[in-house]
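[1] Quick one, fold the following:
(chains A and B)
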Amino acid sequence: MTTTTTPGVTGVTASEAQPDVAEATRASRPVAPVRARRRKPRVLANTIAVVFCLVWVFPIYWMVNTAFKPADEVTTLTPIWFPLRPTLENFTRALTQDGFLVYLRNSAIVVVAAVLLSIVVGFLASAALSRFRFRGRRAILVGILFVQMIPSGALLIPLFLSFQSLGLLNSYIGLILAYVASVLPFSIWVMRGFFVAVPVEIEEAAKVDGAGTVRILWSVLFPLVMPGVIATSVFAFIAAWNDYLTAYVMLKDQGMYTLPVWLAGFSTDKGTDFGGLMAASVLFSVPVVVFFLIVQRRLVSGMTAGAVKG
Amino acid sequence: MTSTAERVPGPVQTGPGTRRRRAVTTSRAPLVLLAPAALLLLALVVYPLVRLLVISFQDYGLRAIFTGQAGFAGFTNYTNVLTDASFWPVILRTVLVTGAMVLGTIGIGMAVSQLLTRLGVVMRTVVSVVLVLAWAMPNVASSLVWQWLFQPFYGVLNWLITQLGVFGDHTQDNWASSPGQALTIVLSLVIWQAVPFVALTLYAAQSQIAPEYYEAGSLDGASAWAMYRAITLPALVPTLLLVTILSVIWDFNVFNQIWLLTKGGPEDTTLTLGIWTFVKSFVSNAYGQGAAIAVISTVILGALTSYYIRRLVRSGEEDL
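    Numbering: from 1, shown residues only, chains lettered A, B, ... in the order given. The predicted structure follows:
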């Protein structure tokens, strides 16, 4: 995992990647006191960093730790800090449980469909909103921004009631549409940010060469914003994959449950099977964490682009 | 704020030195590109929002669900909500809890960002990885982990707190059902998960500050704290504003963590607007009142973040 993240994480800090070189040159200069003063804080900073890491990683460590423990090591009055007899039985119990695969399939179908629909439609819209000027464009942008601020429960009430009368509750289509409602505005906004970063001149050059709108969009712009589109897709995927509230409200039939709904019900169903619960949490979190590590850095820049400047 | 007049839609200003803008297009291309998204958003966002407003003025309960007809109720839902004994406590609690989450997140986030600038490459990478891990955890999973950490008898944190010897025996505490403690676990969970975004975003901004400023500062014998205040903070202001407003929006809307840990209890000590909306609509089936609360929440959040929206609208204007 560490190796996967390293490029992303150090990418942020690339400008400072050689502090030792910098320090060496500084030390060779006659300002020795500065160097001496820097030394002590480094020890202090490292100590604080270690403490911070221990505190912040502890919940995750404890989740993984518990997931690998046999039942009698999970519930002990004095905590056991490392699985004495590591086992996969919690994972097999979670996986072979009534319908884990069904919930996984439900999640996959709904999330993939919602993300595909949002990204394709959102890509076209964000192209229109960034590469053309037309009347009402600004109003649409403000609207899209405003929508993202609305409490999730606010949209859920009317959607629930409409889907109730349309017979879309408890169905893939209903949940997909509900996810599109929350993912699409976000996708348009973020992808527009990536479009804006492409200089107008590139497009004009293509136009001079005789390319039409479709051609420019597909052959010129799409390859350039592709990384942004992928990052946005992954984030949309994570948002929909993690959703609990909407699925909890819309799905009544257990056979339709998505993973978060199943996971949240796990503790109430199984009492104190914390080994199984933590194993299930690990299984549910792993895809998200992996995807997240891949796009994390691009996403920070995508979300803050256009928002900080000005 | 002062620029309201300037923002009245009109000819796009092309001041001196601004980059090239293109003329308003007459082609139908943008309309075609927008059409699918517009249709979806009209059906799935605009129409539901209008309907939300309508429902908030209707007598919409279980009966309306079955008959499909809801009578006009005037302001009844709003007066019911406003005179509900829970109303003011919920509003106050939501604002205070949001404030505490945001303050905690921004405070720790600033400290961690500063810490990152003081570390060597290895330690900085370690801290970054830890941050990203905490950030990436789905909040349903982290809520369950929190349940387990604070479990009575077997919860490891109860044991640790007891071992500290300062607070007495806490091994049997049931945090989620004790009015004084429920909020603590909710706050700690939300802040734990929210700090990484703030810390990494601030750090990205901090690493953009030219090192020459600090070199000049240290040549003048400025203390680290003085340099932080005179150089770092002013450079961070735009980013700080952004992450603060985003945190306000996110923390105001926190649902999963509270619902999964405490369901708004015990004795309503964690009942926020989001939870209240949910309970009124989907537990008590009083959709009209739920809608009224949702409308009120949206207005409050809009007021809290109007500064940010204005700013973004203005920057969007300059952007293209």
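
[2] quick one: contacts for B:Leu240?
    B:Ile106, B:Met110, B:Leu202 (Cβ atoms under 8 Å, 6 or more residues apart in numbering or on different chains). Just so you know, the C-beta spots here come from the backbone N, C-alpha and C atoms, and that holds for glycine as well.

[3] quick one: secondary structure of the first one?
    When you say that, I think you mean B:Ile106. helix (DSSP: H, G, I helix; E, B strand; the rest coil).

[4] gap between it and B:Val97?
    15 Å (Cβ to Cβ, to the nearest Å).

[5] Show me which of the two is the more surrounded one.
    Neighbours around B:Ile106 and B:Val97, counted as other Cβ atoms under 10 Å in any protein chain shown, are more numerous at B:Val97. The numbers are 23 against 20.

[6] What helix or strand is the more buried one located in?
    Per DSSP states H and E: B:Val97 is located in helix B:87-117.

[7] May I see the buried residues of that helix?
    B:87, B:90-91, B:93-94, B:97-98, B:100-102, B:104-106, B:108-110, B:112-117 (16 or more other Cβ atoms under 10 Å in any protein chain shown).

[8] from those, which are also near chain A?
    Counting by Cβ under 8 Å from any Cβ of the partner chain, B:Val112, B:Leu115, B:Leu116, B:Thr117 from the buried residues of helix B:87-117 sit close to chain A.

[9] what residues are up against the second one?
    By Cβ under 8 Å, 6+ apart, the contact set of B:Leu115 is A:Ala45, A:Ile48, A:Ala49, A:Phe52, B:Val127.

[10] Name the nearest of the residues you listed relative to A:Ser187.
    Nearest to A:Ser187 among those is B:Val127, at 30.6 Å by Cβ to Cβ.

[11] Test my guess that that closest one contacts B:Leu119.
    Yes. With contact defined as Cβ atoms under 8 Å, B:Val127 reaches B:Leu119; the gap is 6.7 Å.

[12] if I look at these two, which residues touch both of them?
    A:Ala49.

[13] ok, how many other residues are close to residue 78?
    Just so you know, I chose chain A. With other Cβ under 10 Å as criterion, A:Thr78 counts 10.

[14] oops, chain B please
    The burial count for B:Tyr78: 19, using other Cβ under 10 Å.

[15] and the residue most central in space within chain B, what element?
    Closest to where the C-alpha atoms of chain B average out (Cα atoms, centre = their mean) is B:Trp250, at 1.6 Å. Using DSSP H and E, B:Trp250 falls within helix B:233-252.

[16] okay, the angle between that helix and helix B:87-117?
    Orientation check (axes from the mean of the first three to the mean of the last three Cα atoms, to 10 degrees): helix B:233-252 against helix B:87-117 gives 140 degrees.

[17] Pull out the buried positions in helix B:233-252.
    Applying 16+ other Cβ under 10 Å to helix B:233-252 flags B:236, B:238-240, B:242-252 as buried.

[18] Likewise for stretch B:266-276?
    B:Pro266, B:Asp268, B:Thr269, B:Thr270, B:Leu271, B:Thr272, B:Leu273, B:Gly274, B:Ile275, B:Trp276.

[19] The second one: what's its closest spatial neighbour, skipping adjacent residues?
    I take that to be B:Asp268. B:Ser86 (6.6 Å; Cβ to Cβ, 6 or more residues apart in numbering or on different chains).

[20] on that earlier part again, follow the chain on from the helix holding B:Val97 and name the next helix or strand.
    That would be, after helix B:87-117 and using DSSP H and E, helix B:121-136.

[21] So which bits of that following helix are buried?
    Buried, per 16+ other Cβ under 10 Å, within helix B:121-136: B:123-136.

[22] Centre of the chain to that helix, how far?
    Offset of helix B:121-136 from its chain centre (Cα atoms, centre = their mean, to the nearest Å): 22 Å.

[23] report the angle between the axes of that helix and helix B:87-117?
    Using the same axes, to 10 degrees: helix B:121-136 against helix B:87-117 is 160 degrees.

[24] Mind checking the pLDDT average for helix B:121-136?
    Averaged over helix B:121-136, pLDDT sits at 91.

[25] helices and strands around it, which ones?
    Other elements packing on helix B:121-136 under the criterion 3 or more Cβ pairs under 8 Å, 6 or more residues apart in numbering or on different chains; DSSP states H and E are helix A:2-12, helix A:32-67, helix A:274-304, helix B:87-117, helix B:182-206.

[26] Let me know the angle separating whatever helix or strand comes next after it from helix B:182-206.
    Per DSSP H and E, the first helix or strand lying C-terminal to helix B:121-136 is helix B:139-149. Between helix B:139-149 and helix B:182-206, the angle comes out at 130 degrees (the same axes, to 10 degrees).

[27] Do you know the pLDDT at A:Pro19?
    Value for A:Pro19, per-residue pLDDT: 40.

[28] typo on my end, it should be A:Pro260
    94.

[29] What of the one 3 residues further on?
    Confidence at A:Leu263, expressed as pLDDT, is 89.

[30] and the gap between it and B:Phe66?
    In terms of Cβ to Cβ, A:Leu263 sits 32 Å off from B:Phe66.

[31] Can you show me the strands along chain A?
    Counting by DSSP state E, chain A has no strands to list.

[32] where does it dip in pLDDT?
    For chain A, applying pLDDT under 70 flags the ranges A:1-41, A:267-272, A:297-310.

[33] Equivalent analysis for chain B, please.
    B:1-26, B:312-313, B:315-320.

[34] what about 80?
    B:1-27, B:68, B:165-168, B:170-172, B:265, B:307-320 (pLDDT under 80).

[35] so where do the helices sit in the stretch 201-310 of chain A?
    For the stretch 201-310 of chain A, the helices defined by DSSP state H, counting those that start in this stretch cover A:213-215, A:222-242, A:245-250, A:259-270, A:274-304.

[36] Tell me how chain A divides into domains.
    A:2-67, A:94-304 (automatic domain parsing).

[37] Skip the chain neighbours and tell me the closest residue to B:Phe282.
    Excluding its sequence neighbours, the residue lying closest to B:Phe282 (Cβ to Cβ, 6+ apart) is A:Val249, at 5.7 Å.

[38] B:Ala199 too?
    Nearest one to B:Ala199, counting by Cβ to Cβ, 6+ apart, is B:Val112 at 3.9 Å.

[39] Make JSON lines out of the helices and strands packed on helix B:121-136 and add distance to B:Thr305.
    Output for those, formatted as JSON lines (distance: least, Cβ to Cβ, whole Å):
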{"stretch": "helix A:2-12", "distance to B:Thr305": "27"}
{"stretch": "helix A:32-67", "distance to B:Thr305": "28"}
{"stretch": "helix A:274-304", "distance to B:Thr305": "16"}
{"stretch": "helix B:87-117", "distance to B:Thr305": "11"}
{"stretch": "helix B:182-206", "distance to B:Thr305": "16"}
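
[40] out of the ones you listed, nearest to B:Arg311?
    Across these, closest to B:Arg311 is helix A:274-304 (Cβ to Cβ), at 13.2 Å.

[41] gap between the helix holding B:Val97 and the chain center?
    Distance, centroid of helix B:87-117 to centroid of chain: 10 Å (Cα atoms, centre = their mean).
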